[in-house]
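Visitor: one predicted model, sequence on top.
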Amino acid sequence: MIDATDELILKELQQHGRITMKALGEKVHLSGQATADRVIRLEESGVIEGYTTTVKLEKNQMSIKAFITLIIKATSHEPLLKFIEEERGCVKKAYRISGEGCYLVEGEFSSSDVMDEFLVKLNHYASYKVSIVIKDILL
């Protein structure tokens, strides 16, 4: 079970994934070793599945973010899902949804040409509607 200290550790790791165990321990009032032991326990129990890096798009030359609603009429979705998996460079997240479409894909593209190339390939698997992000807004 996760206790209050584990919750503090998780919250801090989500905000500062590269924090040292000593610094994390100071924030949660434990020794560095006790903190490291708890983090290992959280990893081994599957509460922490992994660590990620957030890339600032402007620094990475990625300039176009789009949400693409996919409409598929085929009974087998496997070819589409395989294509999405192969395009992980552009596809950041994909969701199976209800409503207008079957899937919602969040994509990031370095140029309109790259996005067009992706959409031409995507058209072999599904129809789509594209919404381009104008500005990220944090609420």
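Guide: Looks like it came in fine.
Visitor: quick one, domains of this protein?
Guide: 4-44, 64-132 (automatic domain parsing).
Visitor: would you turn those domains into CSV with mean neighbour count, distance to Tyr51 and mean pLDDT?
Guide: (C-beta placed from N, C-alpha, C; glycine too.) Shown next, in CSV, are the domains of the chain (neighbours: other C-beta atoms under 10 Å; distance: least, C-beta to C-beta, whole Å; pLDDT from 0 to 100):
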stretch, mean neighbour count, distance to Tyr51, mean pLDDT
domain 4-44, 14, 5, 93
domain 64-132, 15, 17, 94
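Visitor: will you turn the ones you listed into JSON lines that also has distance to Leu138?
Guide: JSON lines is the format used below for the domains of the chain (distance: least, C-beta to C-beta, whole Å):
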{"stretch": "domain 4-44", "distance to Leu138": "14"}
{"stretch": "domain 64-132", "distance to Leu138": "14"}
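Visitor: dump the residue contacts of the residue of the chain positioned farthest from its centre.
Guide: Distance to the chain centre peaks in the chain at Ser31, reaching 31.8 Å (criterion: C-alpha atoms, centre = their mean). Neighbour list for Ser31: Gly25 [criterion: C-beta atoms under 8 Å, 6 or more residues apart in numbering].
Visitor: Ser111: what's it in contact with?
Guide: Per C-beta under 8 Å, 6+ apart, neighbours of Ser111: Ser63, Ile64.
Visitor: which phi and psi does it have?
Guide: phi -160, psi 170 (degrees, to the nearest 10).
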